[in-house]
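Trainee: no sequence on hand, only this structure:
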């Protein structure tokens, strides 16, 4: 049913990657059996729509480190903002979809161009053809978690998720003695700011770096849409340069 829901919203994928969970293995087996029971003519017609399942080796969660790390951050944030409180199904579904929107609006990189502003590439860019499809946000005080108005409750939980996620995803290092790789002048960076509204991912270009007496870069001046902000290195994430042909 999860696969059917995914296909209904995103279309049929050509390839799926996962661990060897019994639900994933069982789903593949059932689909393979259903395909084998079809007539040869129908198999030939559907062959181009088959989904390739790629499973990680047993007892090797690190093979899926990219998505496992993301899942861990999301779970931790959800445990914090929802916890053991009873949440109506409509509220929980709304919060989960808000979380999906936050993750799919996160920049993956940027496209090199002569324009002054870097063009960030997000999962939404690949899924919908535009960077962000979210609705305007409404912020309510945290006291609304006790409200009987489910809309307000869902928005408060989404804001709490964002606050926790932005801290969990990019933990500030307590002590370091080396320069952040790639943080040089003209580098394109994502500025991490927990004070901004949820799903806000400000992108800017480094115009000046500040070195301390030991030679390490500790902060930098970042130009964001004509405004210059000085931020510590721990709040800056360098974005990779994606050639326009891969966008």
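Mentor: Now that the structure is in, tell me what you want to look at. All of these numbers come straight from a predicted model, not from anything done at the bench.
Trainee: ok, residues contacting stretch 189-198?
Mentor: 98, 102, 107, 137, 139, 158-159, 161-163, 166-167, 170, 183, 200-206, 220, 222, 224, 229, 231, 235-239 (C-beta atoms under 8 Å, 6 or more residues apart in numbering). The C-beta positions use only the backbone N, C-alpha and C, and glycine is treated the same way.
Trainee: how far is the helix or strand hosting residue 42 from where the chain is centred?
Mentor: Residue 42 belongs to helix 40-46 when assigned by DSSP states H and E. Helix 40-46 sits 37 Å away from the centroid of its parent chain (C-alpha atoms, centre = their mean, to the nearest Å).
Trainee: if we can go back for a sec, narrow the contacts of stretch 189-198 to those in strands?
Mentor: Those of those mapping onto strands are 203-206, 220, 222, 224, 229, 231, 236-238, per DSSP state E.
Trainee: what's the separation between residue 24 and residue 16?
Mentor: 8 Å (C-beta to C-beta, to the nearest Å).
Trainee: that's a helix at residue 189, yeah?
Mentor: No: counting by DSSP: H, G, I helix; E, B strand; the rest coil, residue 189 is not part of a helix but strand.
Trainee: okay, now it: neighbour count?
Mentor: If you count neighbours by other C-beta atoms under 10 Å, residue 189 ends up with 26.
Trainee: mind listing what the most centrally placed residue in the chain touches?
Mentor: Nearest to the mean C-alpha position of the chain, by C-alpha atoms, centre = their mean, lies residue 103 at 2.9 Å. Residues in contact with residue 103 (C-beta under 8 Å, 6+ apart) are 70, 74, 123.
Trainee: per-residue confidence for it?
Mentor: Predicted confidence (pLDDT) for residue 103: 86.
Trainee: can you check residue 208 too?
Mentor: 91.
Trainee: renumber starting at 18 from here on
Mentor: Fine by me, first position is 18 from now on; the one you just mentioned is residue 225.
Trainee: okay, and for this protein, where does confidence drop off?
Mentor: For the chain, the stretches flagged by pLDDT under 70 are 129-135, 148-153, 159-165, 186-199, 260-264.
Trainee: and the longest helix seen in it, what's buried?
Mentor: Longest helix of the chain, by residue count under DSSP state H: helix 167-186. Neighbour-count burial for helix 167-186, counted by 16 or more other C-beta atoms under 10 Å, picks out 169-184, 186.
Trainee: and for stretch 67-78?
Mentor: 70, 72-73.
Trainee: can you give the contact residues for that stretch?
Mentor: When contacts are defined by C-beta under 8 Å, 6+ apart, stretch 67-78 is touched by residues 29-37, 41-42, 45, 48, 52, 80-81, 85.
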